[in-house]
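1. curious how this folds, go ahead:
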Amino acid sequence: MTRKTRKLVISLITLMVITAAFLFTRLKEKPKEAAPITAAQTPEILSDFTVTSLRSITVESSDKKMHFYSSDGENWIISDVSDNYRIVKDQLAAEIRTLSKLQSRTIVTGNADGAQLLEYGLNPPEVLITFKDIEGETLSVEVGKANPSGTGRYSRLSGSPTVVLLPSYAAGAVFKTVEDFRDISLPAVNMEKLSNFEFRHNGTTFKIAPRKGDDNYTSMVSPFDITSPFRNHYALDSQTFQKILGEE
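-> Residues are numbered from 1 along each chain as shown. Predicted coordinates for the structure are as follows:
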C-alpha cells in the first residue's frame with residue numbers, strides 16, 4: 001500500500017468516526033415536545049333567557065307533562081294541579097332559572113345523522129322542553145339518554161345537527177315531577193282556637209277535642225283529649241301534638 005493510499009484510507013476512517021459520533025450525539029438529544037394546544041371552548045348555548053322575559057315552559061316526556069307559566073315572569077304557576085296543591089316557591093324559582101340557562105362545554109358531534117340521534121336517545125327525544133318568551137317566540141330543546149359515565153345527558157336544539165352533553169345538575173331539573181314542587185307542610189294551627197281535629201292512620205280514625213271539665217292535674221298534661229276510637233278519653237301529649245302540627 002502506497003503512502004498516498006494509506007493517507008486516503010486513514011482520512012476515510014476518520015471521516016466515518018466523525019460521522020458516527022455526530023449521528024450518536026443527535027440520537028441522544030431529546031426531541032422538544034410540542035406545546036399543548038389548550039383552546040378554551042366557549043359554551044354551546046341551548047337556552048339563554050332572563051326569567052322575566054319568559055312566559056311559559058313546557059317539559060314533556062312519554063309519561064309526564066309539566067307546564068309552568070307566568071304573566072309577569074316573576075310569579076310562576078304550575079298548570080293542571082289540584083285546588084289544594086301548594087307550591088314551594090323557592091324550589092320552583094330555582095327550576096325556572098336552571099331551565100332558562102341550559103348550556104354545555106362538551107360537544108359530542110357537530111353533524112349527527114339519524115342513526116346517531118337514535119343512539120343518543122334524541123330520535124325521538126326522551127324529553128322535549130319548549131320555551132315561550134314575552135314576544136310569543138318559541139324555542140325547543142331536546143334531551144336524550146345519559147352518557148355511559150353518567151355525567152350528563154345528550155341534548156340538542158330541535159333540528160340542530162350539533163349534539164352536546166348536558167351536565168347532570170341541569171339534566172336533573174328536566175326530570176323532576178310536579179310533586180317535587182309541592183309544599184307538604186301542614187298549615188299553621190292556632191291551638192287556642194282548635195275546636196276538633198281528626199286524622200286517619202292505617203284505616204283507623206282518631207279524633208281529638210279540647211278537654212271538658214276541671215281536672216287540674218290532667219289539664220297540666222294537656223288541654224286535649226283523644227275521644228275516638230277508644231272507649232275512654234285519654235289525655236293527648238300536647239307537646240308532641242304541637243310538634244307534629246308544625247312539621248313540614
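2. what are the buried residues along the helix or strand Ile208 falls within?
-> Using DSSP states H and E, Ile208 maps to strand 204-210. By neighbour count on 16 or more other Cβ atoms under 10 Å, the buried set for strand 204-210 is Ile208, Ala209. Just so you know, the C-beta spots here come from the backbone N, C-alpha and C atoms, and that holds for glycine as well.
3. does the residue nearest the centre of the chain sit in a helix or strand, and which one?
-> Nearest to the geometric centre of the chain sits Gly172, at 2.6 Å (Cα atoms, centre = their mean). Assigned by DSSP H and E, Gly172 belongs to helix 168-174.
4. buried residues in that helix?
-> Ala170, Ala171, Ala173, Val174.
5. what would the residues you listed look like in TSV with distance to Asp180 and pLDDT?
-> Listed next are these as TSV, based on distance: Cβ to Cβ, whole Å; pLDDT from 0 to 100:
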residue	distance to Asp180	pLDDT
Ala170	15	94
Ala171	14	93
Ala173	9	93
Val174	12	94
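6. and the helix holding Gly172, what does it pack onto?
-> Packing contacts for helix 168-174, counted by 3 or more Cβ pairs under 8 Å, 6 or more residues apart in numbering; DSSP states H and E, involve helix 89-100, strand 138-146, strand 152-157.
7. again, 7 Å this time
-> Other helices and strands packing on helix 168-174, by 3 or more Cβ pairs under 7 Å, 6 or more residues apart in numbering; DSSP states H and E, are helix 89-100, strand 152-157.
8. right, and these - which one's nearest Val141?
-> Proximity to Val141, assessed across these by Cβ to Cβ, is greatest for strand 152-157 (6.1 Å).
9. and that closest one, average pLDDT?
-> For strand 152-157, mean pLDDT is 97.
10. hmm, back to that, list of residues touching the strand holding Ile208?
-> Outside strand 204-210, the residues that touch it by Cβ atoms under 7 Å, 6 or more residues apart in numbering are 194, 196-199, 223-229, 236.
11. neighbours of Tyr120, how many?
-> Residues near Tyr120, counting by other Cβ atoms under 10 Å, number 24.
12. that one - nearest residue in space that isn't next to it in sequence?
-> Nearest residue to Tyr120 in three dimensions, chain neighbours excluded: Tyr154, at 3.8 Å (Cβ to Cβ, 6 or more residues apart in numbering).
13. okay, now the unreliable bits of the chain?
-> Filtered on pLDDT under 70, the chain yields the residue ranges 1-41, 186-187, 189, 191, 213-222, 234, 236-248.
14. kindly report the domain assignment for it.
-> 44-181, 191-246 (automatic domain parsing).
15. winner for burial among those domains?
-> domain 44-181 (a mean of 16; mean count of other Cβ atoms under 10 Å).
16. between the two ends of that domain, how far is it?
-> Across domain 44-181, the terminal residues are separated by 29 Å (Cα to Cα, to the nearest Å).
17. got the contact list for Asn196?
-> Lys207, Ile208, Ala209.
18. now do the same end-to-end measure for stretch 45-57.
-> First-to-last distance for stretch 45-57 - Cα to Cα - comes to 17 Å.
19. for it, which outside residues touch it?
-> Looking at stretch 45-57 with Cβ under 7 Å, 6+ apart, the contacting residues turn out to be 68-70, 73-74, 96-97, 99-104, 129, 131-134, 139, 141, 155, 157.
20. let's see 6 Å
-> For stretch 45-57, contacts defined as Cβ atoms under 6 Å, 6 or more residues apart in numbering pick out 68-69, 73, 96, 99-100, 102-103, 131-134, 141.
21. equivalent analysis for stretch 111-131, please.
-> 57-61, 138-145, 154, 161, 163, 174.
22. repeat that for 8 Å
-> 47, 49, 54, 56-62, 99-100, 102, 108-109, 138-145, 153-156, 158, 161-163, 174-175 (Cβ atoms under 8 Å, 6 or more residues apart in numbering).
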